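Trainee: Just need the structure, nothing else, for what follows:
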Amino acid sequence: MPAGKNRPKNRPQNRWVSKVKTDSTHPPRGLFTKNAPTIARTLASRKVSPKGPQSGMRMLNYFINRAGHGLSASRRAELQRAKSLLSKRINRDSRSTSSRKHKRPAR
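Mentor: Numbers count the residues shown, from 1 in each chain. Take a look at the predicted model:
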């Protein structure tokens, strides 16, 4: 049986995602239409994501999930590439932070 056949026909179109309101992140208009390095760099900035690059990653995932089937294959690929670049940046930042935490004090 194909997926979606078990759903009732008169299902309301209200989705929880339409009620999400956030004021902690402020991406510039049209950011997600740009190239992957620009998206990753912008989402990692403190100006856009005051809580750090992880917040930018959540914003990017939210955008991809919200766009759903409306994204073209090329746009989805570019956004996935931005996710990869942002993930590398998060890992790089976390490694440098953790190495600073575990260094012995100088004598």
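Trainee: other SSEs contacting the strand or helix carrying residue 82?
Mentor: Element membership of residue 82 [criterion: DSSP states H and E] is helix 73-101. Other helices and strands packing on helix 73-101, by 3 or more CB pairs under 8 Å, 6 or more residues apart in numbering; DSSP states H and E, are helix 36-44, helix 53-67. C-beta here means a position set from N, CA and C on the backbone, and glycine is covered the same way.
Trainee: which of these sits most buried?
Mentor: helix 36-44 (a mean of 19; mean count of other CB atoms under 10 Å).
Trainee: which strands and helices sit next to that one?
Mentor: For helix 36-44, the packing partners by 3+ CB pairs under 8 Å, 6+ apart are helix 53-67, helix 73-101.
Trainee: do you know which of those lies nearest residue 38?
Mentor: Between residue 38 and the helices and strands packed on helix 36-44, the shortest gap by CB to CB is with helix 73-101, which sits at 8.3 Å.
Trainee: Out of the helices and strands packed on helix 36-44, flag the one nearest residue 19.
Mentor: The nearest among the helices and strands packed on helix 36-44, by CB to CB, is helix 53-67 at 12.4 Å.
Trainee: quick one: average confidence on the closest one?
Mentor: Mean per-residue pLDDT for helix 53-67: 91.
Trainee: Only alpha carbons, please: show that helix as CSV.
Mentor: What follows is helix 53-67, C-alpha atoms only, in CSV (Å, rounded to 0.1, in the frame of the first residue of the first chain):
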residue,chain,number,x,y,z
PRO,A,53,27.0,28.1,14.4
GLN,A,54,24.9,25.3,15.9
SER,A,55,22.0,27.8,15.8
GLY,A,56,22.7,28.5,12.2
MET,A,57,22.7,24.7,11.5
ARG,A,58,19.3,24.4,13.1
MET,A,59,18.0,27.3,11.0
LEU,A,60,19.3,25.7,7.8
ASN,A,61,17.7,22.3,8.7
TYR,A,62,14.5,24.1,9.5
PHE,A,63,14.5,25.8,6.1
ILE,A,64,15.2,22.6,4.2
ASN,A,65,12.5,20.7,6.1
ARG,A,66,10.0,23.6,5.7
ALA,A,67,10.6,23.9,2.0
